[in-house]
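J.: Here is the input, now give the coordinates:
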Amino acid sequence: MKKLNLATQVLIAFVIGTVLGIIFQKDILFLQPVGDIFLRLIQMIVVPLIFFSIIGGIANIGDIRKLRRIGSKVMGFYVITTILSTIIGLAVANLMQPGKGFSADQIVATGEPIKEADPMTVGGTILSMIPSNPLHALSEGNIMQVIVFAAFLGIVMTILGNKVCTVKKFVEEGTLIMFKLTDLVMKVTPLGVLALAACSVGEYGTAMFSALGMFILTHYVGAFSVIVLLYLFIIKVIAKVPLTEFFRKIVSIWLVAFSTTSSSGTLPVSLKVTEEDFHVKSELASFSLPLGATINMNGIAVYYAVTIIFVSQIYGVDLTLGQQAMFIFLTTLISIGTPGIPASGIVLAIMLLNTMGLPTAIMGMIVGIFRPIDMIHTALNVTGDVVSTLAVARMENMFQDESEDASSQLIAEPAFEHEKI
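T.: From the prediction side, this is the model:
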């Protein structure tokens, strides 16, 4: 098993757990503590992971003038596309109703209390985002307040620049530590998935799979809907890039995104394609794409939207249009806080379900089939980064001419060779 990659290990563990659940049914529930420990581990790392990622992402911008001039446009595209992606995801999920394949009677037996999502108002939600005590927010795991506090710290660090080099280095090293800790936690994923899958199938029965199949399909339909309804418009109307040219050049980015399931891992290829193939000036691409790999998560936004509707339908919790509207606001913030690393969507989906007042037990089964979902939403994430960068490049006239492109390619080539090594 150690010679297999994590994705293969998870799939094997999921199959073994499923078989054990079918054979032993409720007798397999003695494995439940193992699954609970795994879920607790990933809940343990989420707050510090987001805290360091948000601060580091903003502080690394470095130049406050660049942040004001170009950053406002880049951030505007990232926020707007995230909001629209969430809306599209909600619309597709409400239309396809992926959670209707379950009977509520199958869920009640889990023993987890089912409660309605707490009523939310715009004013109350905005006020609750601002921490009166940041340390309390960190200790309590209030994800909204942690994001706001980290964003303020990142902005101030950008303004102070070299005066806070020590703190910036601390944040960078803290981010490395959290990424390594996340990697260590993910190494026990196969064991956690095996236990969760076995207990879920033993508790619910094989009817689980019809709902999960519909859940996967709904997510793919949602992702392709974002491309058709949103990205094609930006590419054609704002960026003014021929569609055939765009899809021909974006393929290499998609292949890396599918294989790594990491926005950050795809970044070297995204930079090369955007600068050399789409001829965007390095000044813009080197700023917008790393920032996008950190905060622009259109695919994750679709995933959150489909997951919330999926879980609420399974548990028979009706979310009003007003609650879904407020969910768009929450999803935008949480998507920005999602690190561009594999399986980060699992961690924050649990936090979002808790925020919405929904049970998290179903995440045990979603973890087992997360790989194909992670592949498509990573591809959507990195595509959104490139599309937004192309749009800003057109608006700011930041495309290279052929002579500039030739010279910059000669300079940039060694850097990309280093990435390959």
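
J.: The residue nearest in space to the middle of the chain and Arg40, how far apart?
T.: Geometric centre of the chain, nearest residue: Ile300, 3.7 Å, by CA atoms, centre = their mean. Distance of Ile300 to Arg40, given as CB to CB, to the nearest Å: 22 Å. For the C-beta atoms, the positions are set from N, CA and C on the backbone; glycine is no exception.

J.: before we move on, what SS does Ser200 have?
T.: Under the three-state scheme (DSSP: H, G, I helix; E, B strand; the rest coil), Ser200 adopts helix.

J.: Could you report the neighbour count for it?
T.: By other CB atoms under 10 Å, 27 other residues sit near Ser200.

J.: next one: Cys199
T.: Neighbours around Cys199, by other CB under 10 Å: 27.

J.: how about the nearest residue to it, chain neighbours excluded?
T.: Nearest non-adjacent residue to Cys199, counting by CB to CB, 6 or more residues apart in numbering: Gln32, 4.9 Å away.

J.: Quick check: the residue nearest to the centre of the chain touching His377?
T.: Yes. Here Ile300 reaches His377: they are 5.7 Å apart, a contact under CB atoms under 8 Å.

J.: Quick one: mean pLDDT over stretch 249-262.
T.: The pLDDT scores in stretch 249-262 average 78.

J.: in that stretch, what's buried?
T.: 249-250, 253-254, 256-257, 260-262 (16 or more other CB atoms under 10 Å).

J.: Next one: the closest residue to Glu275 other than its chain neighbours from Thr86, what distance?
T.: Distance criterion CB to CB, 6+ apart; nearest residue to Glu275, sequence neighbours excluded, is Ala285 at 5.1 Å. Distance of Ala285 to Thr86, given as CB to CB: 26 Å.

J.: Likewise for Thr389?
T.: For Thr389, the distance to Thr86 (CB to CB) stands at 21 Å.

J.: again, but for Ser286
T.: Ser286 is 28 Å from Thr86, by CB to CB.

J.: The two: who's more crowded?
T.: Shown here are Ser286 and Thr86; by other CB under 10 Å, Thr86 has more neighbours (28 against 15).

J.: which parts of the helix ranked longest in the chain are buried?
T.: Assignment by DSSP state H gives helix 32-59 as the longest helix of the chain. Buried residues in helix 32-59, counted by 16+ other CB under 10 Å: 32, 34-36, 38-39, 41-42, 45-59.

J.: what's the answer for stretch 282-292, then?
T.: Going by neighbour count (16+ other CB under 10 Å), the buried part of stretch 282-292 is 282, 284-285, 287-292.

J.: for the stretch 251-400 of the chain, what spans make up the helices?
T.: 263-272, 282-295, 298-314, 321-336, 344-355, 363-368, 370-395 (DSSP state H, counting those that start in this stretch).

J.: Please identify the most buried of those helices.
T.: Highest mean neighbour count among the helices of the stretch 251-400 of the chain (mean count of other CB atoms under 10 Å): helix 298-314, with a mean of 28.

J.: What distance do you get for Val34 to Ser200?
T.: For Val34 relative to Ser200 (CB to CB), the value is 13 Å.

J.: Can you work out which residues contact both of these two?
T.: Shared contacts of Val34 and Ser200, defined by CB atoms under 8 Å, 6 or more residues apart in numbering, are absent.

J.: re the thing from before, look up how far Val19 lies from the residue nearest to Cys199.
T.: Applying CB to CB to Gln32 and Val19 gives a distance of 17 Å.

J.: do the same with Ser85
T.: On the measure of CB to CB, Ser85 and Val19 end up 37 Å apart.
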